[in-house]
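>>> Fold the stuff below for me.
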Amino acid sequence: MKTILFSLLVSLVMFYSVGSAQTSDFAIGAKLENFSLSDTNGKTQTFEALKGQKGTVLVWLSAQCPVVKLYNERISAIAEEFKSKGINFIGINSNATEGIDWVRSNAEANYRFPVLIDKDNVLADKLGATVTPETYFFDSGAKLLYHGAIDNDRSGRNIQENYLRNAFTNALEGRAIERTRANAFGCTIKRTGM
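The predicted model follows:
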């Protein structure tokens with residue numbers, strides 16, 4: 001019994017340590033420096049080149065996550081609606097378990113915005129992204145305005161809070177964003193070495 005308890009304690013400590021090393025406190029109001037990542041066709045893209053005139057959303061995606069699959073239509077609809085208002089979406093895939101062909105075919109089937117490959121989870125670690133889908137909304141100056149869930153309901157059948165859409169509307173109207181954070185939920189990002 002003592003051996004089992006000790007093993008459990010060691011496992012919990014190791015899990016906590018790994019999780020702590022991956023999280024970052026990229027605070028609301030912090031500025032994102034320009035970065036470059038390859039897209040699904042191997043072309044290097046930069047945040048500066050892809051950002052929107054009035055804002056940019058980084059959304060962490062996955063080809064295999066069932067929660068992302070439930071969100072795909074909503075993500076695409078929001079991206080299309082707000083692109084015409086100057087807010088661009090950039091998909092980020094940080095999953096070490098998803099091959100490039102899988103990510104490319106999934107992106108082509110579901111999104112009209114670029115999906116970038118975050119090899120070795122560098123960007124996910126910098127911002128503290130832990131799940132898919134998880135969003136970060138930046139203003140035109142790359143200052144973080146909102147971080148978290150898209151809405152309150154993974155199924156899409158009982159949405160009562162549209163966190164991301166509300167953040168967009170307030171920002172575009174020049175009003176303060178009332179809720180700057182909402183806990184993101186979904187599938188854990190499968191990091192390198194895990």
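
>>> can you give me the helices for the chain?
Assigned helices in the chain, in chain order: 2-22, 47-50, 66-83, 100-110, 122-127, 163-172 (criterion: DSSP state H).

>>> could you dump the ones you listed to a markdown table with mean pLDDT and mean neighbour count?
To be clear about C-beta, it is placed using only N, CA and C from the backbone, and glycine gets the same treatment. Below are the helices of the chain laid out as a markdown table (pLDDT from 0 to 100; neighbours: other CB atoms under 10 Å):
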| stretch | mean pLDDT | mean neighbour count |
| --- | --- | --- |
| helix 2-22 | 34 | 10 |
| helix 47-50 | 98 | 14 |
| helix 66-83 | 97 | 16 |
| helix 100-110 | 97 | 16 |
| helix 122-127 | 97 | 19 |
| helix 163-172 | 97 | 19 |
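
>>> and T135, which of those is closest to it?
helix 163-172 (5.6 Å; CB to CB).

>>> Run the angle between the closest one and helix 66-83 for me.
20 degrees (axes from the mean of the first three to the mean of the last three CA atoms, to 10 degrees).

>>> list the helices and strands helix 163-172 packs on?
Applying 3 or more CB pairs under 8 Å, 6 or more residues apart in numbering; DSSP states H and E, we find helix 163-172 packed against strand 55-60, helix 66-83, strand 134-138, strand 144-148.

>>> switch the cut-off to 10 Å
Helix 163-172 sits against strand 55-60, helix 66-83, strand 87-93, strand 134-138, strand 144-148, strand 181-182, with contacts defined as 3 or more CB pairs under 10 Å, 6 or more residues apart in numbering; DSSP states H and E.

>>> State the mean pLDDT of the fourth one.
Model confidence over strand 134-138, given as mean pLDDT, is 98.

>>> Return the alpha-carbon coordinates of it using CSV.
Coordinates of the C-alpha atoms in strand 134-138 are reproduced here as CSV (Å, rounded to 0.1, in the frame of the first residue of the first chain):
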residue,chain,number,x,y,z
GLU,A,134,-8.1,27.8,-27.3
THR,A,135,-8.1,31.4,-28.5
TYR,A,136,-6.0,34.6,-28.1
PHE,A,137,-7.5,37.8,-29.5
PHE,A,138,-5.0,40.6,-30.1
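
>>> May I see the buried residues of it?
E134, T135, Y136, F137, F138 (16 or more other CB atoms under 10 Å).

>>> Who are the packing partners of it?
Looks like strand 134-138 contacts strand 55-60, helix 66-83, strand 87-93, helix 122-127, strand 144-148, helix 163-172 (3+ CB pairs under 10 Å, 6+ apart).

>>> Contact partners for D25?
L127, G128 (CB atoms under 10 Å, 6 or more residues apart in numbering).

>>> actually F168, sorry about that
54-55, 57, 78, 81-82, 85-87, 137, 145-146, 162, 177.

>>> now the residues you listed: which count as buried?
Burial by neighbour count, 16+ other CB under 10 Å: within those this picks out G55, V57, I78, F82, I87, F137, L145, Y146, N162, I177.

>>> Nearest to T40 among the contacts of F168?
V57 (17.8 Å).
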